[in-house]
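[1] here is my input, please return the structure:
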Amino acid sequence: MSVNVRPLADRVLVEPEPAEERTASGIIIPDSAKEKPQRGKIVAVGNGKPDEPLTVVVGDTVLYGKYSGTELTIEGNDYLIMRESDIFAIL
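    Numbers count the residues shown, from 1 in each chain. Okay, the predicted model is just below:
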């Protein structure tokens, strides 16, 4: 998916994975009780800082903090924009 947004410096744009709809035993989870996803796919990256190049690339699946980033809606899709330092791991 291509997005016409270019994050600045060490920021990245993440498309969060959808929240779980059911528990492992098959119980449907209502919207009010769904956990915020903590994993997503990088869809755009900034240029990094002169002394700190970015280590993530478009297409990486990453883990990030539950309350990391700022929520954005672009062309009807939900994204998070965050600093690379808010990312815990690349999967």
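[2] who does Leu72 bridge with?
    Tyr79 (DSSP bridges).
[3] and Ser85, that's in a helix?
    Yes. Remark: Ser85 belongs to a helix, assigned using DSSP: H, G, I helix; E, B strand; the rest coil.
[4] which one is it nearest to, not counting chain neighbours?
    Distances taken as C-beta to C-beta, 6 or more residues apart in numbering place Asp10 nearest to Ser85, at 7.1 Å, with adjacent residues excluded. Placement of C-beta: from N, CA and C, glycine included.
[5] next one: the residue nearest the centre of the chain, what pLDDT does it get?
    Centroid-nearest residue in the chain: Val14, 3.0 Å away (criterion: C-alpha atoms, centre = their mean). In this model, Val14 is scored at 95, pLDDT.
[6] I figured the residue nearest to Ser85 hits Lys49, correct?
    Yes. Between Asp10 and Lys49 there is a contact under C-beta atoms under 8 Å: 5.5 Å.
[7] compare neighbour counts for those two and give me the winner.
    For Asp10 versus Lys49, neighbours defined as other C-beta atoms under 10 Å are more numerous around Asp10 (19 against 11).
[8] correct me, but the residue nearest to the centre of the chain touches Thr61?
    No. Judged on C-beta under 8 Å, Val14 makes no contact with Thr61 at a distance of 9.6 Å.
[9] which residues of the chain score low on pLDDT?
    The chain contains residues with pLDDT under 70 at 1-2, 31-35.
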